[in-house]
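In: Just a sequence and a predicted model for now, questions to come.
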Amino acid sequence: MFNPITINLLLIDLDGAARKTKSGKVCPTYSKDQVLRLEVANFCEQLAGNQWVIAAVTNQGGCEAIDPDTGKPYKTHRQTVSECKYFLELAPWCDRVYMCPNAKGSSRDEVYRITRSGWLWPRYWVTHEHNDDHPYYQTMGYRKPKPGMLELAIRDQNEHK
């Protein structure tokens, strides 16, 4: 018999959804170049008050995208993690951020789980930590719209019940 699990978990996208930039760019150009969207913040505060867990998800392909003016990536992984940590400061109702920095067509498939206490280098996840032989992990993919970050968020939530 099927026994469904009830999880009160909301995943929100960062850029253009949960936050906007002070600079007017699509994505933050530095950590503090972001402000919460008031309507999203109010909604999330209400859900958090009703025992929901809110996590954010973001692709952040700019970690690999090359700025044609400089020949360097628009931002580093460390800068992006810093942005996510600052978002968590702005949004006390948000529990964690999942960040997939890979550009489309990248040979890597990695995702970072960023929390208030976690830091970049010792805390990153790659698919190698899962059973790579299992066909699910060979095709899952973390970059939205693929379901990898959703699956990890659900798994994390089930482990912390």
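Out: Good, I have the coordinates. Numbering: from 1, shown residues only.
In: distance of the residue lying closest to Gly62 once chain neighbours are set aside from Leu150?
Out: The shortest distance from Gly62 to any residue other than its chain neighbours is 4.1 Å, reached at Tyr74 (Cβ to Cβ, 6 or more residues apart in numbering). Heads up, the C-betas are built off the backbone N, CA and C, glycines and all. Separation of Tyr74 from Leu150 (Cβ to Cβ, to the nearest Å): 26 Å.
In: re earlier: please verify my assumption that the residue nearest to Gly62 contacts Asp67.
Out: Yes: here Tyr74 reaches Asp67: they are 5.1 Å apart, a contact under Cβ atoms under 8 Å.
In: Looking at those two now, which is surrounded by more residues?
Out: Tyr74 (18 against 11; other Cβ atoms under 10 Å).
In: Tell me who's in contact with the more buried one.
Out: If you count contacts by Cβ atoms under 8 Å, 6 or more residues apart in numbering, Tyr74 has them with Cys27, Gly62, Cys63, Ala65, Ile66, Asp67.
In: Repeat the analysis, applying 10 Å as the threshold.
Out: If a contact means Cβ atoms under 10 Å, 6 or more residues apart in numbering, then Tyr74 has Lys25, Cys27, Thr29, Gln60, Gly61, Gly62, Cys63, Glu64, Ala65, Ile66, Asp67, Thr80 as its contacts.
In: just Gly24 next, same as before
Out: Under the criterion of Cβ under 10 Å, 6+ apart, the neighbours of Gly24 are Asp33.
In: quick one: secondary structure of it?
Out: Here Gly24 is coil, with the state taken from DSSP: H, G, I helix; E, B strand; the rest coil.
In: need the helices for the protein, in chain order.
Out: Assigned by DSSP state H, the helices in the chain fall at 38-49, 77-90, 135-139, 148-159.
In: circling back to that earlier point, let me see the backbone angles for the residue nearest to Gly62.
Out: phi -60, psi -40 (degrees, to the nearest 10).
In: What distance do you get for the residue lying closest to Leu150 once chain neighbours are set aside to Asp95?
Out: Among residues not flanking Leu150 along the chain, Leu11 sits closest, at 6.3 Å (Cβ to Cβ, 6+ apart). In this structure, Leu11 and Asp95 are separated by 11 Å, where distance is defined by Cβ to Cβ.
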